[in-house]
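Trainee: Quick one: sequence plus predicted model below, questions after.
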Amino acid sequence: MRAAVLEQTQRGIDIISDGEQTRQHFVTTFIEHLSGVDFEKRETVRIRNRYDASVPTVVSAVERENPVFVQDAKFLRSCTDKQIKWTLPGPMTMVDTLYDAHYRSREKLAWEFATILNQEARELEAAGVDIIQFDEPAFNVFFDEVADWGIAALERACEGLKAETVVHICFGYGIKANNDWKATLGAQWRHYEKSFPLLQASSIDTVSLESHHSNVPLEVVELVRGKRVMLGAIDVANDAVETAEEVAQTLRNALEFVDADKLIASTNCGMAPFRRDVALAKLSALSAGAGILREELVGARV
Ligand code: ZN
């Protein structure tokens, strides 16, 4: 983790993460630390309506008996004076990664997970984490559930936090199942139109979305006006490294829909599947591109 912090710092990244060093999987690693889920008892379910996977079973009440990432977060805090971000799975995405033989209700299980996530998030905040992100790719799939209970469960997970709260909604890592799905989505990916108006009215501080090389029409960003926007300016499904100018252009395009002081340059999703040198080069492009835009904006104000 120390190496990941150093590499992010050297490449000009302002918000430091653990570089995904503390998790094997963005959902499962957290669930592995909870009681009530049997990882030996597996059932095949369809994940995000897209691909079948053998998943663990909820066999009794889910509980967090011990903190999951809090020690790791303390270590990350000790490694840098910059802002640090910690990422947790969102309640709906957790539900969608399990077979539930106990609650038999996605909403009920999500609510239990939200309570557990809130316990963890409060302790992460106390450990010095500045920004807590929840990954909710399921928000791009289950639109009715998002409206019915998804946003409410996410707000429950964030309840009482002073740390900045982020929801990351993406079209997935650059793995085959996701890339194949994207190929079927047509010329305009308007999925965010369902969740963004609800998020705009929610207590969540920041919304993280895909932009670069995706078919997301940028005007959807207008739907969360007033929130901070973490805009994906790096493609995670293609190992060609963006130029700084490409990154700057992606960010520039969004300025019609988000105030400059609320725009945060980011990657479309995590870069775990990349080779290390590609991921590092993309980090450099991200900070260089943000730098170009920062200079332009300062110039514009003068
Ligand atoms: Zn993602």
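Mentor: Looks like it came in fine. Numbering: from 1, shown residues only.
Trainee: Could you look up the next helix or strand downstream of the helix or strand of the chain with the lowest mean pLDDT?
Mentor: Sorting the helices and strands of the chain by mean pLDDT, DSSP states H and E puts helix 176-183 at the bottom, at a mean of 87. Per DSSP states H and E, helix 176-183 leads on to helix 192-200 as the next helix or strand towards the C-terminus.
Trainee: chain center to that next one: distance?
Mentor: Distance of helix 192-200 from the chain centroid (C-alpha atoms, centre = their mean, to the nearest Å) equals 16 Å.
Trainee: list the contacts for Tyr173?
Mentor: Val236, Ala237, Cys269, Gly270, Ala272, Pro273 (C-beta atoms under 8 Å, 6 or more residues apart in numbering). C-beta: built from backbone N, CA, C; applies to glycine.
Trainee: I'd guess Leu251 is in a helix, am I close?
Mentor: Yes: assignment of Leu251 by DSSP: H, G, I helix; E, B strand; the rest coil places it within a helix.
Trainee: That one is in contact with Gly289, isn't it?
Mentor: Yes: between Leu251 and Gly289 there is a contact under C-beta atoms under 8 Å: 6.6 Å.
Trainee: Mind listing the shared neighbours of those two?
Mentor: Ala233, Ala265.
Trainee: Sketch out the helices for this structure, chain order is fine.
Mentor: Secondary structure of the chain, counting by DSSP state H: helices at 2-10, 28-32, 70-79, 91-95, 106-126, 143-145, 151-158, 176-183, 192-200, 244-254, 276-301.
Trainee: Just give me how far the shortest one sits from the chain centre.
Mentor: When distances are taken as C-alpha atoms, centre = their mean, helix 143-145 is centred 19 Å away from the chain's centroid.
Trainee: do the same with the fourth one
Mentor: The chain centroid and the centroid of helix 91-95 are separated by 13 Å, computed with C-alpha atoms, centre = their mean.
Trainee: How many neighbouring residues does the closest residue to Val207 other than its chain neighbours have?
Mentor: With sequence-adjacent residues excluded and distances taken as C-beta to C-beta, 6 or more residues apart in numbering, Val207 is closest to Val224, at 4.8 Å. By other C-beta atoms under 10 Å, 26 other residues sit near Val224.
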